[in-house]
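Colleague: quick one: sequence and predicted model below, then my questions.
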Amino acid sequence: MQCSIAAALMTLLTGACGGTNADVAMHEAETLRAERDEWRGPKDGLVLLRRGVHAIVDTAVDPSRATSRMIVHLAETRFGPPPEREIVTFAAPGNAVVDAVRARLVRPDGEAPVRPATVTRRDDDDGAVDPGQGVWELAFDAIPPGAILEVVVELDVPGILASDAQWLAARGASTHELLLRYDIPSDAVGSFGAVNETTRPIVTEKDGYKIIALLLHDVPPREGEHPAYARYVTTRATPRGYELPIARTWAEATAPYVAGLVAPTEGTHEGYAAPFTTALTGKEAATAVFTWVRDRLQREDALTARWDAARGLVGPLEKNDLTQTDKVHLLRWLLDAAHVESVFAMGRSARYPRLEPTLPTPDAFDTPLVYVPAFDLWLDPACRECAPGEVRPALRGGAAITLPAKAAPVILR
């Protein structure tokens, strides 16, 4: 991967400034045709001639009144027989809402607007870098031979854009040009880093915005165990001088997990006697409590429950309707009753790429766990086959962090 500084600076200085409402211009049709004709890479499938992601961070004293923006701009072509449907995919923050879609076919002899047959969002896809992201699919008719499909998707991202991450390479397709751009207002501070990639971003200022951009050319398809990705994080914002900490530290970045998982736990069992007690102490007590909770019957979709779906435990326990979230609350309750100190934790599935410890990241974890610091035990009570200290296979090789966070994440074994 090579970075062209001159081209990147030209793009930054001539593109629309952050915060404008001007329509995103399509690429020059002749330029796209020339890039297709001059492509010297593999000619046996999909090629992304242009892939761009442009995010504009918004701030407000009340974050719920902010609306950040994201623009995804793709131009792709195919060599060889096309599939019946051309599926255009991209990743964006999970709370993003598609505001507008524009698309056209650039043929050798002209241009024509087209519309997607469907626009859908799916979760838990390998197109996402983090659990907090969603992956969108736009289904178009097949790209005719020699033509280029150009698509612009504009999205609203409610609130202050806390984090975004993008793969540098596309699955199953080469990329001729990749441009990632983040516009940060003067009352916010953002960090950007590329993981498993040495290319440095370009930083400049324009119209009151700090602009961070990364431009790469001729990126081969994504493959291997540790593919490269880029991450942007808003670390803090000071709208009207009001301090809004977001992700300066791992404690700040994981604060939503404290609010959604840790804080509600007392309400899940308040006023009830512990349903299981033991005369054992120390590690033996922790093992006995874990085993009892692990062996309680749970619902078939227990492992898909959201970490913030806390609820009263007595009913689900009696009805064998426990979820993974119920079980970590139940485990913490019974460990407390057994006088074994423990804390909540969050795990990150191993199918997501490794985190950069020096870049605290919001929305990076997806699985509730319990940690017993005295015995260095990670407990996954919804894993029916796990012994104390083991986690489900999907988490092994992933990361975990204790709550409230006092250190960077660790690797789960």
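Modeller: Noted; the coordinates are in hand.
Colleague: end-to-end on stretch 312-328?
Modeller: 13 Å (CA to CA, to the nearest Å).
Colleague: report back the residue of the chain that's furthest from centre.
Modeller: Residue farthest from the centre of the chain, counting by CA atoms, centre = their mean, is residue 279 at 43.9 Å.
Colleague: for that one, give its distance to residue 285.
Modeller: 8 Å (CB to CB, to the nearest Å). C-beta: built from backbone N, CA, C; applies to glycine.
Colleague: related to what we said a few turns ago, the residue farthest from the centre of the chain: what secondary structure?
Modeller: Three-state call for residue 279 (DSSP: H, G, I helix; E, B strand; the rest coil): coil.
Colleague: also the one 4 residues further on?
Modeller: Here residue 283 is helix, with the state taken from three-state DSSP.
Colleague: just residue 394 next, same as before
Modeller: Secondary structure, three-state DSSP: residue 394 is helix.
Colleague: where in the stretch 51-200 of the chain is pLDDT low?
Modeller: The model of the stretch 51-200 of the chain has pLDDT under 70 over residues 124.
Colleague: can you confirm residue 317 is in a helix?
Modeller: Yes: when three-state DSSP is applied, residue 317 is found to be in a helix.
Colleague: where does the stretch 251-400 of the chain dip in pLDDT?
Modeller: Within the stretch 251-400 of the chain, no stretch has pLDDT under 70.
Colleague: repeat that for 90
Modeller: Residues of the stretch 251-400 of the chain meeting the criterion pLDDT under 90: 271.
Colleague: which stretches of it form strands?
Modeller: For the stretch 251-400 of the chain, applying DSSP state E, counting those that start in this stretch gives strands covering 343-348, 367-372, 377-379, 399-402.
Colleague: among those strands, which is the most enclosed?
Modeller: Counting by mean count of other CB atoms under 10 Å, strand 367-372 has the highest mean neighbour count of the strands of the stretch 251-400 of the chain, with a mean of 26.
Colleague: what's the spacing between the spatially most central residue of the chain and residue 232?
Modeller: Centroid-nearest residue in the chain: residue 130, 2.8 Å away (criterion: CA atoms, centre = their mean). According to CB to CB, residue 130 and residue 232 sit 12 Å apart.
Colleague: how much space separates residue 247 from residue 159?
Modeller: Taking CB to CB, one finds residue 247 at 13 Å from residue 159.
Colleague: looking at these two, which has the bigger crowd around it?
Modeller: residue 247 (25 against 17; other CB atoms under 10 Å).
Colleague: let me know the pLDDT of that one.
Modeller: Note for residue 247: predicted pLDDT of 98.
Colleague: what's the burial count for the nearest residue to it once chain neighbours are set aside?
Modeller: The shortest distance from residue 247 to any non-neighbouring residue, by CB to CB, 6 or more residues apart in numbering, is to residue 253 (4.0 Å). Using other CB under 10 Å, residue 253 has 25 other residues around it.
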